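Engineer: 3D, please:
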Amino acid sequence: METKLDSYHLPVTGRNILRFAFPTIVMTVFNTFYTMVDGLFVSNLIGMEALSAINLTAPAICKLFRITEPAAKGVGIGSAAHAIGTARALEIGPVEGAMSSLSIAVAGILTALLCPLAVNLLP
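Structural biologist: Numbering: from 1, shown residues only. Okay, here's the model as predicted:
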């Protein structure tokens, strides 16, 4: 009988960690830029009430798409909804709140590191 290794049983090496972490890092960077631009457009064109309404619909969106893992909910809410969403994530549960806070911190660090690079690319 042949045993097949899946991603959970691979040895922990730098290459394997990077192979699984790199897509998440890239997605977080693009999601951070998208969220900043989207927040500016919504808050300036429609108003702060609309921005708050977008952030408070996170539990309904999680139910609609059947997202049940607390860590996934927290990271999604934190990276998309920032502070208002993190407050809502804390109401949902402690894991959701912790992961939401962590995703805000990571997004902030990545934004602070990548914005100077992006400014140098502008004409």
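
Engineer: what about residue 93, distance to residue 58?
Structural biologist: 12 Å (Cβ to Cβ, to the nearest Å). Where C-beta positions appear, they are placed from N, C-alpha and C, glycine not excepted.

Engineer: out of the two, which sits in the more crowded spot?
Structural biologist: residue 58 (23 against 13; other Cβ atoms under 10 Å).

Engineer: For the closest residue to that one other than its chain neighbours, list the residues it contacts.
Structural biologist: Counting by Cβ to Cβ, 6 or more residues apart in numbering, residue 77 is the residue found nearest to residue 58 once chain neighbours are left out, at 4.6 Å. Residues in contact with residue 77 (Cβ atoms under 8 Å, 6 or more residues apart in numbering) are 58, 85-86, 88-89, 96, 100.

Engineer: Residue 13 too?
Structural biologist: Residues near residue 13 by Cβ under 8 Å, 6+ apart: none.

Engineer: how much space is there between it and residue 20?
Structural biologist: From residue 13 to residue 20 the distance is 11 Å (Cβ to Cβ).
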